[in-house]
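*Asks:* Sequence first, predicted coordinates after that:
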Amino acid sequence: MQFCRPYALFKLFFLLFLLSFSTAFCDKETELDVELKTEYQVMPVLLHPIEDKKSAFTSDYLQSLFSVMIFDINHSGIIELYTQDDGKSNQPIIDKTSFENPCDGAFLTKHKTYLALYPKVSDRDLSIKIVTCNSTTTKTFENIGLSGNLSKDRTTIHRFMDALVRLVFQKEGIASSRFIYTLTKKVQTDGDDAGQKYISEVFEADYDGENRRQLTNEKALVANPCYIPSPDGLRSSNIIYVSYKIGQPKLHHLSLKDGKSKRVSPLRSCQMTPSVSKDGSLVAFASDVTGTSDIFVQPFNKTAGPIGKPRQIFKAKGAASASCTFSPDSKKIAFVTNKDGVARVYLMDFPKESTKLTDLQPRLLSKTCRESTAPVWSPDGKKIAFSGKTQDVRQIWIYDLETQNEYQLTEGKTSKENPTWAANGTHLYYNAKDPTGWEVYLIDTNRKKPSKIILGLGDKQFPCSEP
């Protein structure tokens, strides 16, 4: 089997790799040939324990950084930590080597492993040596500054791992991304309403569940938070969510820069299940202002807020419709309606203002599942994920728009809901019902191995990944 072949554009990607960091890197040795041709979908790699060369940190702290590296490798969707045929870890074979005396390409090829990483910390600087299976040389990156603050240093590790994936595989990683979700808890109230009640707030976390921070302070139930994409390519600094603060659900727009929250739509009705177009110019939501739940769109600007009045874009007589999602080019929408007797996912072109609602003819997508909910379009426009009931349990399903087939992604006896695509289009977050409550999970759609994201106590629902 041919395991590796040269990379023609390595120099270009190496330059991009360097530019993606604010810290300085020093190229110590010659270039590596780094493209893999293999039957494996996920590439096995070796990771040597961090070597402590008179560092300023404790062994426990270095072990924490090492755990971050392991998590990033195993959740990249591209590489995974090598295990032997008996399921044991990579340690017995890589412990025989070191940063100064690493393995070579022949060693990696023998173990059907793609690359090896050798981290070393001296004083407050991290160095990482990379060996690939088809190279007789190594490459070392130095001067990756560490602060001793785990929150900051885990971000540095995330950035390095994303840059490594981009450099070697020409793929975008998700280790540097974030997601938002709602956290619901029971609290004690005072005054006239003394007693216990449930409240929820919107929180944001790194992709692995760390560095959590509270975004809203509604002191009421909230639901369906979603990012407003930044058209300039920067990180999202605005979100939209549903608040029950006045009893009736209303859409709110929150700036993450100043923490100020404003109403999105003046409609005197319930407003639910918001979704934002990729360019941030449209907000779709469900409203019962006409007596039934129909789908509306509100022109929107992240600075000015809502522009003009919302427009109704779908109505089915005697039926309820909600949960709209835009295609990446905003030319199509998918949504849920029970117009044919049971809630299912439908697809149609985004209607022009001159289009009559009675002329709309949406196409049914979710033919297998009954009671489908929460469709969400993949970033590449090729798939739609949704939650559908299968043998009385809600599972995550995917509809492939190219093959026009739908397939079940998750399994098990617990219900899964509210899928959201990560920016790489490979991973999905969703919330699942555990014995202790609702938890958030991350799954690679190729490997189909979910991982629980640890977010503390309380029910975690409605995850939404940063676009």
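*Replies:* Alright, I've got the coordinates. Residues are numbered from 1 along each chain as shown.

*Asks:* from what I can see residue 55 touches residue 119, true?
*Replies:* No. Counting by CB atoms under 8 Å, residue 55 does not reach residue 119; the two are 11.0 Å apart. For every residue, glycine as well, the C-beta is placed using N, CA and C.

*Asks:* Common neighbours of those two, please.
*Replies:* Counting by CB atoms under 8 Å, 6 or more residues apart in numbering, residue 55 and residue 119 have no common neighbour.

*Asks:* Wasn't residue 109 part of a strand?
*Replies:* No. Residue 109 is assigned helix when assessed by DSSP: H, G, I helix; E, B strand; the rest coil, not a strand.

*Asks:* hang on, it packs against residue 131?
*Replies:* No. If you go by CB under 8 Å, residue 109 and residue 131 don't touch, sitting 11.2 Å apart.

*Asks:* So if I had to pick from those two, which one is more boxed in?
*Replies:* Counted by other CB atoms under 10 Å, residue 109 and residue 131 do not tie: residue 131 has more neighbours, with 26 against 16.

*Asks:* what about the more buried one, which SS state?
*Replies:* Residue 131 ends up strand, using three-state DSSP.

*Asks:* Tell me the pLDDT of it.
*Replies:* On the pLDDT scale, residue 131 is placed at 91.

*Asks:* cool, the one 4 residues further on as well?
*Replies:* Reported pLDDT at residue 135 in the predicted model: 70.

*Asks:* Quickly note the distance from it to residue 330.
*Replies:* Look at residue 135 and residue 330: by CB to CB, to the nearest Å, they are 45 Å apart.

*Asks:* Show me which of these two is the more surrounded one.
*Replies:* Using other CB under 10 Å, the more surrounded residue of residue 135 and residue 330 is residue 135, with 20 against 14.

*Asks:* so what secondary structure elements neighbour whatever helix or strand residue 167 lives in?
*Replies:* Secondary structure from DSSP states H and E places residue 167 in helix 150-169. Packed against helix 150-169 by the contact rule (3 or more CB pairs under 8 Å, 6 or more residues apart in numbering; DSSP states H and E) you find helix 10-19, helix 59-74, strand 125-132, strand 138-145, strand 195-206.

*Asks:* Now that helix: buried residues?
*Replies:* Of all the residues in helix 150-169, those buried under the rule 16 or more other CB atoms under 10 Å are 153-169.

*Asks:* just for this protein, where's the confidence low?
*Replies:* 1-41, 84-92, 136, 191-194 (pLDDT under 70).

*Asks:* Kindly recompute the last result at 80.
*Replies:* Low-confidence segments of the chain (pLDDT under 80): 1-41, 83-93, 134-137, 168, 188-195, 231-233.

*Asks:* so residue 147 makes contact with residue 155?
*Replies:* No. When contacts are counted by CB under 8 Å, residue 147 is not listed as touching residue 155 (9.8 Å).

*Asks:* how near is residue 156 to residue 121?
*Replies:* Distance of residue 156 to residue 121, computed by CB to CB: 12 Å.
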